[in-house]
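J.: below is the sequence, then the predicted model.
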Amino acid sequence: MDAIKAIGLTQKFGDNTAVKNLTINIKEGEVFGLVGPDGAGKTTVMRLLAGLIAPTAGDAWVYGCHTVEDSGQLSNHISYMPQRFGLYMDLTVQENIDFYADLYNVPRQIRKEKTAELLAFSNMIPFRDRLARNLSGGMKQKLALACALIHTPKVLLLDEPTNGVDPLSRRDFWRILYKLLEEKVTIFVSTAYLDEAERCGRIGLLHRGELILFGTPDEVKTHMSGVLIEIRCAEPRQILADLRTKLTLVSAGLFGAKIHLVLSGEPNQILEMVKNTLKEMGVQAEAEIVGPSLEDVFISMIRPIEGSDASV
């Protein structure tokens, strides 16, 4: 069964097309990641699927409910956690959860059991009496997730839930999401973090409102255009600037202390050419052909669209 289905979904705001002809299907019990830079249209997609705005064109269904025609029933099956979830800072952790339980008309007995479960798996039992304003950023996100889950939704829509959260809290947040899969909850998450996309069963790469790639992380990586060369050297920033003037590159970028170059041609010949160029420059470096990361793929896909100065 498809938990989420969209056909030709399009959203325009005046002359700006925020989402263009989006067609996707998300399976029940799947973690799907919508990946793209700021301004790609991720939040608009979320709002369309949550039934908060009507599309300019196309249709979408979430757990069998049409997002426009069945919007009244839609809220019974989904929970939408926007980037700025409506926590009440003057309420405690427990009071925030109770408030959302009231909104969703969760029966008292079920509420008690569900609250205990949510606090336990989010490791927030010691903080149930703490005011929300006194929580760390990561704990606020975990509380927001607990509030979103209090009525046991079948589909969870998360709009960049770990944006600005420290790495440890991000890991804890994803641990909680994986536990939800045991309950067959379908998770649709948007993120600008490509390392998080690796955690998803399938992903979609969104650019300027258009879905340019769709599939498992491994499937997406097969769309890498060109040969990827990784260079390890001192002063990589300066070396990269020099290489841009000497080589015809599909794309290039810094990955930590390493340089990633993408070039077109026969792999062994390309590698030899790069090594010779480095030697001519008098650079002591190690260069080898490596498999692409999702970031490599995404950069290689959008550079031809935006030009050599494009970045994710």
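T.: That came through fine.
J.: rest of the way, CA atoms for contacts and neighbours
T.: Noted.
J.: can you map out the helices along the stretch 201-312 of the chain?
T.: Assignment of helices within the stretch 201-312 of the chain using DSSP state H, counting those that start in this stretch yields the ranges 217-221, 236-246, 267-280, 294-306.
J.: scratch that, the stretch 51-200 of the chain is what I was asking about
T.: If DSSP H, counting those that start in this stretch is used as the criterion, the helices of the stretch 51-200 of the chain fall at 71-74, 93-103, 108-121, 137-149, 167-180, 194-197.
J.: deepest of these, which one?
T.: Mean neighbour counts were compared across the helices of the stretch 51-200 of the chain using mean count of other CA atoms under 10 Å; the top stretch is helix 137-149, at a mean of 23.
J.: helices or strands up against that one?
T.: Contact analysis of helix 137-149 by 3 or more CA pairs under 8 Å, 6 or more residues apart in numbering; DSSP states H and E lists strand 78-81, helix 93-103, helix 108-121, helix 167-180 as its packing neighbours.
J.: including mean pLDDT and distance to Ser293, could the ones you listed go into CSV?
T.: Compiled in CSV, the helices and strands packed on helix 137-149 are given as follows (pLDDT from 0 to 100; distance: least, CA to CA, whole Å):
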stretch, mean pLDDT, distance to Ser293
strand 78-81, 93, 28
helix 93-103, 94, 38
helix 108-121, 89, 31
helix 167-180, 86, 19
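J.: with distance to Thr67 as extra columns, can I get the ones you listed in a markdown table?
T.: Below are these laid out as a markdown table (distance: least, CA to CA, whole Å):
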| stretch | distance to Thr67 |
| --- | --- |
| strand 78-81 | 11 |
| helix 93-103 | 20 |
| helix 108-121 | 27 |
| helix 167-180 | 23 |
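J.: nearest to Asn134, out of the ones you listed?
T.: Go through those one by one with CA to CA and the one that ends up closest to Asn134 is helix 93-103, at 10.0 Å.
J.: quick check: angle from the closest one to helix 108-121?
T.: Interaxial angle, helix 93-103 versus helix 108-121 (axes from the mean of the first three to the mean of the last three CA atoms, to 10 degrees): 140 degrees.
J.: please enumerate residues in contact with helix 93-103?
T.: For helix 93-103, the surrounding residues in contact (CA atoms under 8 Å, 6 or more residues apart in numbering) are 87-88, 111, 115, 127-132, 143, 146-148, 150-151.
J.: picking up where we left off before, can you redo the helices of the stretch 201-312 of the chain as JSON lines with mean neighbour count?
T.: Below are the helices of the stretch 201-312 of the chain laid out as JSON lines (neighbours: other CA atoms under 10 Å):
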{"stretch": "helix 217-221", "mean neighbour count": "17"}
{"stretch": "helix 236-246", "mean neighbour count": "14"}
{"stretch": "helix 267-280", "mean neighbour count": "15"}
{"stretch": "helix 294-306", "mean neighbour count": "18"}
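J.: no more questions from me, cheers.
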